[in-house]
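the following block contains a protein sequence and its predicted model.
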Amino acid sequence: MSRGLARAIVLALALPALSPPARAVVDPQEAFADYKAGRYLEAATKFQALVDRFPEYHYGFFMLGHCTLKRHAPARAEALFRHAIELDPTRPDYYLGLALALADEASWVRTIQVLTDGLAHAEDPRMRYNLFLLRAEAWHALQRWDQVVADLEVARRIHQDPAVFELLGKAYFGNGDAKAAIPPLQFALQTSPDDTGVLRVLSESFIRVGAAEPDVVKKRIAYTQALEYAQRLAALTPDDLEVVHLVGRAALGAGRLEQAETVFLSVLEREPRQCYAMVNLGRTLFAARKYREAEAWLLRAKGCAPREAIVYETLGELYLKQSMTDEAAAAFGRANELSSDDASPLVRKPRPPRNGTISVSAPR
């Protein structure tokens with residue numbers, strides 16, 4: 001299973017008391033103690049002895065599956081979990097174990113089906129929480145953000161974990177709903193105020209909200225919030241050029257034109273072929289009524305990113321402002337020919353969050 005930087009703190013599974021089968025040659029408690037101590041080979045040996053002696057001991061097959069999974073043999077673990085389910089198909093923890101093995105094999109569609117089957121047998125809130133978290137992980141791997149959001153919303157209602165709020169916010173962002181992403185991300189930030197992943201997505205979310213907001217005052221407020229988070233992020237990651245550019249984008253939207261110009265120039269000083277910085281610098285200079293400088297940078301941006309419609313749109317606005325109607329018409333005409341991923345004042349191609357995968361633990 002993939003392991004991202006953002007991790008949910010999962011409720012530990014409540015394991016039942018281990019009752020040894022009659023005339024057991026090995027005490028299951030000893031095997032389980034080995035497992036908890038990380039002695040997976042020793043634990044597997046003892047559980048194997050138990051299931052050899054008692055073939056109907058389904059919990060033994062279940063724990064043998066976890067031992068095998070810990071030893072990085074998911075295909076073999078899958079077979080053991082499936083056998084445990086065959087012996088007792090009512091145990092949701094057995095489905096969770098099988099799903100963990102399938103997730104380790106990146107078999108996401110099968111993982112989802114098994115977890116859905118497990119949920120049909122799960123009544124305990126802690127178990128349902130774990131099943132929903134792992135299913136959200138599988139949906140995440142398939143880039144089904146709507147389903148990630150749905151499962152994480154259920155998990156959040158079961159257990160108010162800041163890590164789940166972070167994942168939920170990033171899932172909303174990935175699903176294209178920046179406004180809905182903000183509240184859970186802000187909640188997560190209260191616990192981890194220096195979490196760079198949360199700060200980055202929060203800033204990006206406010207930028208998208210600002211770009212979509214028709215009200216001028218609300219738009220400025222959104223960009224100002226984006227700038228606050230971007231500056232906090234830049235203080236933590238001063239060498240990240242993408243974060244520096246993020247500060248400039250937020251400053252431009254917030255009307256901090258001098259700051260935006262300084263930031264974009266610093267980006268271009270370090271990376272002269274940063275096309276998006278050229279575009280945003282041109283827009284910043286245009287907003288500051290520095291028309292000649294704006295045109296020069298926009299023409300450079302056109303050479304750098306010839307298929308970015310926003311370059312031609314801005315050039316058209318610039319020429320129109322200077323009553324250069326023929327040039328404006330040509331620029332607008334070219335812009336209409338091109339498709340633009342993002343026609344907002346702040347040019348930056350959106351991406352899904354870099355992290356946000358979910359970790360569900362085996363028995364501890």
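Received the coordinates, thanks.

where does pLDDT dip in this structure?
By pLDDT under 70, the low-scoring segments of the chain are 1-25, 339-364.

and the closest residue to Val244 other than its chain neighbours, which helix or strand is it part of?
Excluding the flanking residues, the one nearest Val244 by C-beta to C-beta, 6 or more residues apart in numbering is Val267, at 5.6 Å. Yep, even glycine has a C-beta here, placed from its N, CA and C like the rest. Secondary structure assignment for Val267, by DSSP states H and E: helix 257-270.

same check, this time on Gln48
Going by DSSP H and E, Gln48 is part of helix 40-53.

send the alpha carbons of that helix over as CSV?
C-alpha atoms of helix 40-53 as CSV (Å, rounded to 0.1, in the frame of the first residue of the first chain):
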residue,chain,number,x,y,z
TYR,A,40,6.8,-12.2,13.1
LEU,A,41,8.6,-15.3,12.1
GLU,A,42,8.3,-16.8,15.6
ALA,A,43,4.6,-15.7,15.8
ALA,A,44,3.9,-17.3,12.4
THR,A,45,5.6,-20.5,13.4
LYS,A,46,3.3,-20.8,16.5
PHE,A,47,0.1,-19.8,14.6
GLN,A,48,1.0,-22.3,11.9
ALA,A,49,1.3,-25.0,14.5
LEU,A,50,-2.1,-24.1,15.8
VAL,A,51,-3.9,-24.2,12.5
ASP,A,52,-2.1,-27.4,11.5
ARG,A,53,-3.5,-29.0,14.7
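
output the contacting helices and strands for it.
If contacts are counted by 3 or more C-beta pairs under 8 Å, 6 or more residues apart in numbering; DSSP states H and E, helix 40-53 sits against helix 28-36, helix 58-70.

quick check: buried residues in that helix?
40, 42-48, 50-51 (16 or more other C-beta atoms under 10 Å).

rewinding a little: list the contacts of the helix or strand that the helix holding Val267 is followed by.
Of the helices and strands lying after helix 257-270 in sequence (DSSP H and E), the nearest is helix 275-287. Identification of contacts with helix 275-287 by C-beta atoms under 8 Å, 6 or more residues apart in numbering yields 245, 248-249, 252, 257, 260-261, 264-265, 267-268, 271, 291, 293-295, 297-298, 300-301, 304-305, 308, 310-311, 314, 317-318, 321, 345-349.

from those residues, which would you call buried?
245, 248-249, 252, 257, 260-261, 264, 267-268, 294-295, 297-298, 300-301, 304-305, 308, 310-311, 314, 317-318, 345-348.

how far off centre is stretch 226-241?
Offset of stretch 226-241 from its chain centre (C-alpha atoms, centre = their mean, to the nearest Å): 19 Å.

can you name the next helix or strand after the lengthiest helix in the chain?
Determined from DSSP state H, the single longest helix within the chain is helix 216-236. Going down the chain from helix 216-236, the next helix or strand is helix 241-253, by DSSP H and E.

dump the C-alpha coordinates for that following helix into PDB.
Taking Å, rounded to 0.1, in the frame of the first residue of the first chain, the C-alpha atoms of helix 241-253 are listed here in PDB:
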ATOM      1  CA  LEU A 241      10.900  28.200  -5.500                       C
ATOM      2  CA  GLU A 242       7.300  27.000  -6.100                       C
ATOM      3  CA  VAL A 243       6.300  28.300  -2.700                       C
ATOM      4  CA  VAL A 244       8.000  31.700  -3.500                       C
ATOM      5  CA  HIS A 245       5.900  31.900  -6.600                       C
ATOM      6  CA  LEU A 246       2.800  31.000  -4.600                       C
ATOM      7  CA  VAL A 247       3.500  34.000  -2.400                       C
ATOM      8  CA  GLY A 248       3.600  36.200  -5.500                       C
ATOM      9  CA  ARG A 249       0.400  34.800  -6.900                       C
ATOM     10  CA  ALA A 250      -1.400  35.500  -3.600                       C
ATOM     11  CA  ALA A 251       0.100  39.000  -3.400                       C
ATOM     12  CA  LEU A 252      -1.000  39.800  -6.900                       C
ATOM     13  CA  GLY A 253      -4.600  38.800  -6.100                       C
END
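
got the angle between that helix and helix 275-287?
20 degrees (axes from the mean of the first three to the mean of the last three C-alpha atoms, to 10 degrees).

what lies in contact with helix 241-253?
Residues contacting helix 241-253 (C-beta under 8 Å, 6+ apart): 200, 203-204, 206-207, 210-211, 219-220, 222-224, 226-227, 229-231, 233-234, 237, 257, 259-260, 263-264, 266-267, 270-271, 274, 276-277, 280, 283-284, 287, 345-348.

now do the same contact list for Asp194.
Counting by C-beta under 8 Å, 6+ apart, Asp194 makes contact with Leu236.
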